[in-house]
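Colleague: following is a predicted model, sequence given first.
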Amino acid sequence: MAEALIGLGGNVGDVRATLRAAIAAFCDGTDVRLVARSRDYETPPWGVTDQPAFVNACIAVETRLPPRALLDRAMRVEAYGDVTLDEPGLTLPHPRLFERAFVLVPLAEIRPDAVVGGRTLGAAAAAIDASGIVPLPG
């Protein structure tokens, strides 16, 4: 089985409940098994800033699925890992991963020593401006 790192987030409705439900539905224990989950983080909007704060989290999973099938299963969830892939509609690792503290901070919580694009996630998270990213209570 391969390990995949998945970033999740949203800013509409009860996002924390939605994240819990999405993780439970995504990780069936057979094709996709949950290995680790970050805390939930409140994060400022990125890109389009005139919107409410987001809640983001990351998970590490073990999977039997190839990247395209994992993406199909995730239904618009971005996947990261020690895989390089550039196909229409799917680029791994995400081309702007190292610009996005809202993904790097929770990823570094669960896999600080994982190497993506030649950098550890812990070092990448330490080097990015993470102001406004706050872990939420359990």
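Modeller: Everything's here; your move.
Colleague: from Pro93, how far off is the closest residue to Ala125 other than its chain neighbours?
Modeller: Residue nearest to Ala125 in three dimensions, not counting chain neighbours: Ala108, with 3.6 Å by Cβ to Cβ, 6 or more residues apart in numbering. The C-beta positions use only the backbone N, C-alpha and C, and glycine is treated the same way. According to Cβ to Cβ, to the nearest Å, Ala108 stands 14 Å off from Pro93.
Colleague: for Leu19, the count of nearby residues, please.
Modeller: 19 (other Cβ atoms under 10 Å).
Colleague: quick one: it and Phe54 touch, right?
Modeller: No: judged on Cβ atoms under 8 Å, Leu19 makes no contact with Phe54 at a distance of 10.8 Å.
Colleague: what sits in contact with each of the two?
Modeller: Gly9, Gly10 (Cβ atoms under 8 Å, 6 or more residues apart in numbering).
Colleague: in three-state terms, label Glu3 for me.
Modeller: strand (DSSP: H, G, I helix; E, B strand; the rest coil).
Colleague: now do the one 10 residues further on
Modeller: Using three-state DSSP, the structure places Gly13 in coil.
Colleague: for the helix or strand Pro106 falls within, name the packing helices and strands.
Modeller: According to DSSP states H and E, Pro106 maps onto helix 101-110. Helix 101-110 sits against strand 2-10, strand 41-43, strand 54-63, strand 78-80, helix 121-127, with contacts defined as 3 or more Cβ pairs under 8 Å, 6 or more residues apart in numbering; DSSP states H and E.
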